[in-house]
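Q: A structural model of the following input is requested.
(2 chains)
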2 protein chains.
Amino acid sequence: MAKDMTLLWGSGSPPCWRVQLMLEEKQLQGYNQKLLSFEKMEHKSQELPSFKCGKHILNESFAACLFLENQYKSQGNKLIPDSPDAQALVYQRMFEAVTLVQKMVDLVAYNFRVPEGERHDSAVQRNTEALTAELKLWEGYLKKTVKDCCLAGKEFTLADVLVFPYIAYMFHYGLSSERYPALAKYYNSLKDRPSIKASWPPYWQKFIEQDTLKAI
Amino acid sequence: MAKDMTLLWGSGSPPCWRVQLMLEEKQLQGYNQKLLSFEKMEHKSQELPSFKCGKHILNESFAACLFLENQYKSQGNKLIPDSPDAQALVYQRMFEAVTLVQKMVDLVAYNFRVPEGERHDSAVQRNTEALTAELKLWEGYLKKTVKDCCLAGKEFTLADVLVFPYIAYMFHYGLSSERYPALAKYYNSLKDRPSIKASWPPYWQKFIEQDTLKAI
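A: Next up is the predicted model:
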């Protein structure tokens, strides 16, 4: 069935990584894929991730992941738990991730999104404070659950599929392990998970880490 | 079981309406509720919607809706279809809604979010163009499916629960039926649906419609 699937992806793009990670978790290796070149701006000609499953096109990472979980419930790892307690927490964290991502993007993509004549140091300052406050919230969440490894407890769930690529992205871009020890522990305890290792952005292995987020 | 649920909500707040609509669709009337006053700024002291289901707190509207659908699969209307064709489209539209909402908020909440000294007419212009382009995309989607009533075809689904309150919000604030006839048809064909009527924002019945979005 994975032969019937195609993923267009960009290396180091967290939404793409979410789908790749999901495909690994569901043992759907062997899908067709095309790595787009950021340098050649190939990603601008398409919406990423663009995932095709048979005739279905799912180019939103949340949509692709929920569809795969639903279609392959009993294949690979089950990522939405049945127990209402765990399930409620998984859904809650999954959708809080939308805010986390937005606050990260507001900061790291500021110069890309805001034309030069409209930029203000005060806005960058506010975006920095907003991301810092958001990360402290997640640091608090992970302090409570990190002894269990994952965002919603002992099991790796869809919340981790959707959040981990962004946490990894932030550490790759210089987030401080000292200031965010629970996030760092989460990152380090999951980075050798087979699905995560198998889908680790190849682009990140070639370049040294950056310090974009060092001051957060 | 609905007696075990509590919703804090604000009248005319689309995320709150999503959860109210979902509760109607699942025949979970009779839940506890507290209408917060925007005038008294009560909504600022809480994250809305704040939905409590037994001991589970779900204060993201997507999370609350997916949790209710999963916990009450066979009660009320089924909102995630089993057929892979329909299901893929429902998930795709559900998460495209995140972008629609973001572009709407970037425009309508501009003065609220951006301090006076950082405001630029060029930014408002760009936000206006972005929302217009986004609405044309949805107009195109609805042109294809509106003869069937709903976003993903003949059945009312979770995509409609999540998107309809924002479409209604935009028409309430002056969106043009002439320029968006498929969106208007969608709006008009659903506004008398029992679940939607039962959860219609009471605040909107008191005030005349506004023209914030007239120029879009």
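Q: check whether stretch A:138-158 contacts chain B.
A: No - judged by CB under 8 Å from any CB of the partner chain, stretch A:138-158 and chain B are separated, with a smallest distance of 10.3 Å. (Glycine included, C-beta is placed from N, CA and C.)
Q: Touching that stretch from outside, list them.
A: Contact with stretch A:138-158 is made by A:25, A:65-66, A:69, A:77, A:79-81, A:86, A:89-90, A:93-94, A:100, A:159-160, A:163, A:167, A:180-183, A:185-186, A:189-190, A:193, as judged by CB atoms under 8 Å, 6 or more residues apart in numbering or on different chains.
Q: Equivalent analysis for stretch A:15-25, please.
A: Counting by CB under 8 Å, 6+ apart, A:2, A:5, A:7, A:9-10, A:29, A:31, A:48-49, A:51, A:61, A:64-65, A:68-69, A:76-77, A:79, A:156, A:161-162, A:164-165, A:168, A:194-196, A:198-199, A:201 sit against stretch A:15-25.
Q: repeat that for 6 Å
A: A:7, A:9-10, A:31, A:48-49, A:51, A:61, A:64-65, A:68, A:76-77, A:161-162, A:165, A:195, A:198-199 (CB atoms under 6 Å, 6 or more residues apart in numbering or on different chains).
Q: which among those residues end up buried?
A: Using 16 or more other CB atoms under 10 Å in any protein chain shown as the burial test, those include A:7, A:9-10, A:31, A:48-49, A:51, A:61, A:64-65, A:68, A:76-77, A:161-162, A:165, A:195, A:199 as buried.
Q: among the contacts of stretch A:138-158, which are in helices?
A: Judged by DSSP state H, the contacts of stretch A:138-158 include A:25, A:65-66, A:69, A:86, A:89-90, A:93-94, A:100, A:159-160, A:163, A:167, A:181-183, A:185-186, A:189-190 as members of helices.
Q: Show the buried residues in these.
A: With burial judged by 16+ other CB under 10 Å, the buried subset of the ones in helices among the contacts of stretch A:138-158 is A:25, A:65-66, A:69, A:86, A:89-90, A:93-94, A:100, A:159-160, A:163, A:167, A:182-183, A:185-186, A:190.
Q: other SSEs contacting the helix or strand hosting residue A:103?
A: Per DSSP states H and E, residue A:103 falls inside helix A:84-108. Helices and strands touching helix A:84-108, by 3 or more CB pairs under 6 Å, 6 or more residues apart in numbering or on different chains; DSSP states H and E, are helix A:121-145, helix A:158-172, helix B:61-71.
Q: hmm, 10 Å instead?
A: Counting contacts by 3 or more CB pairs under 10 Å, 6 or more residues apart in numbering or on different chains; DSSP states H and E, helix A:84-108 is packed against helix A:14-25, helix A:61-71, helix A:110-113, helix A:121-145, helix A:158-172, strand B:56-58, helix B:61-71, helix B:84-108.
Q: want to try TSV for these, with mean pLDDT as columns?
A: Compiled in TSV, the helices and strands packed on helix A:84-108 are given as follows (pLDDT from 0 to 100):
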stretch	mean pLDDT
helix A:14-25	97
helix A:61-71	98
helix A:110-113	93
helix A:121-145	95
helix A:158-172	97
strand B:56-58	94
helix B:61-71	98
helix B:84-108	96
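Q: May I see those organised as a markdown table, with distance to residue B:211 added?
A: Below are the helices and strands packed on helix A:84-108 laid out as a markdown table (distance: least, CB to CB, whole Å):
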| stretch | distance to residue B:211 |
| --- | --- |
| helix A:14-25 | 36 |
| helix A:61-71 | 34 |
| helix A:110-113 | 28 |
| helix A:121-145 | 29 |
| helix A:158-172 | 38 |
| strand B:56-58 | 35 |
| helix B:61-71 | 27 |
| helix B:84-108 | 12 |
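Q: Quick one: closest of those to residue A:212.
A: For residue A:212, the closest of the helices and strands packed on helix A:84-108 is helix A:158-172, at 9.0 Å, according to CB to CB.
Q: relative orientation of the closest one and helix A:84-108 in degrees?
A: Here the directions of helix A:158-172 and helix A:84-108 differ by 30 degrees (axes from the mean of the first three to the mean of the last three CA atoms, to 10 degrees).
Q: Using PDB, write out every CA atom in helix A:158-172.
A: Backbone C-alpha positions of helix A:158-172 (Å, rounded to 0.1, in the frame of the first residue of the first chain) are rendered in PDB as follows:
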ATOM      1  CA  LEU A 158       0.200  11.700  17.700                       C
ATOM      2  CA  ALA A 159       1.000  14.700  19.900                       C
ATOM      3  CA  ASP A 160       4.700  13.700  19.800                       C
ATOM      4  CA  VAL A 161       4.500  13.200  16.000                       C
ATOM      5  CA  LEU A 162       3.200  16.700  15.600                       C
ATOM      6  CA  VAL A 163       5.400  18.500  18.300                       C
ATOM      7  CA  PHE A 164       8.700  16.700  18.200                       C
ATOM      8  CA  PRO A 165       9.900  18.000  14.800                       C
ATOM      9  CA  TYR A 166       9.400  21.600  16.000                       C
ATOM     10  CA  ILE A 167      11.200  21.000  19.300                       C
ATOM     11  CA  ALA A 168      14.100  19.400  17.400                       C
ATOM     12  CA  TYR A 169      14.000  22.400  15.000                       C
ATOM     13  CA  MET A 170      14.400  24.800  17.800                       C
ATOM     14  CA  PHE A 171      17.300  22.900  19.400                       C
ATOM     15  CA  HIS A 172      18.900  22.700  16.000                       C
END
